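In: okay, sequence plus prediction incoming.
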Amino acid sequence: MHQRNVLYCYYRMLFKNPLKSVLHSLNGGGIILTFDDHFVTEWYDADMTLSRYQWKATFFISEFASLDAKDVDRLRSLQAKGHEIGLHGANHMNAVVFVSLHSIEQYIEAEILPSVQT
């Protein structure tokens, strides 16, 4: 069985530790980066810093309807550079709490469908 080295890290961790030393410690592995919520300006800034490493990330967007045109353009730019844009929910609801009070169908209708239709 082939084993891969994977390092999970988050935005602040990247800037506390020089990225080159993180990359060299992987011994041929890779890094999986995901970003959540709606911090598009910070994601865009991270891309400007990390693009020299030919990095790719997945950005899970929530509250898409609250973004302004500049943020939408930044998301399009990130996608055009090969990054993945995913759905993290329309309102960033707590799924466990919402479903315990309502139903999974109501959660999908309130949280998922509005983002898919946007």
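Out: Sure, I can see it. Numbers count the residues shown, from 1 in each chain.

In: need the helix or strand of the protein with the lowest average pLDDT.
Out: Within the chain, confidence by mean pLDDT, DSSP states H and E is lowest for strand 6-8 among all helices and strands, at a mean of 41.

In: and the strands in the chain?
Out: 6-8, 30-32, 34-37, 58-61, 84-87 (DSSP state E).

In: highest mean neighbour count out of the ones you listed?
Out: Counting by mean count of other C-beta atoms under 10 Å, strand 58-61 has the highest mean neighbour count of these, with a mean of 19. Every C-beta, even on glycine, is put in place using the N, C-alpha and C of the backbone.

In: partners of that one, with directions?
Out: For strand 58-61, the pairing partners within the sheet under DSSP bridges are strand 34-37 (parallel), strand 84-87 (parallel).

In: can you put those strands in JSON lines and add distance to residue 102?
Out: Below are these laid out as JSON lines (distance: least, C-beta to C-beta, whole Å):
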{"stretch": "strand 34-37", "distance to residue 102": "23"}
{"stretch": "strand 84-87", "distance to residue 102": "20"}
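
In: nearest to residue 76, out of those?
Out: The closest of the strands paired with strand 58-61 to residue 76 is strand 84-87. By C-beta to C-beta, the value is 8.7 Å.

In: now do that closest one: distance to the chain's middle.
Out: The chain centroid and the centroid of strand 84-87 are separated by 7 Å under C-alpha atoms, centre = their mean, to the nearest Å.

In: export it to PDB, keeping only CA atoms.
Out: What follows is strand 84-87, C-alpha atoms only, in PDB (Å, rounded to 0.1, in the frame of the first residue of the first chain):
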ATOM      1  CA  GLU A  84     -11.500  25.400  -7.000                       C
ATOM      2  CA  ILE A  85     -14.500  27.400  -5.700                       C
ATOM      3  CA  GLY A  86     -16.900  25.300  -3.700                       C
ATOM      4  CA  LEU A  87     -20.100  25.900  -1.700                       C
END
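
In: done for today, thanks.
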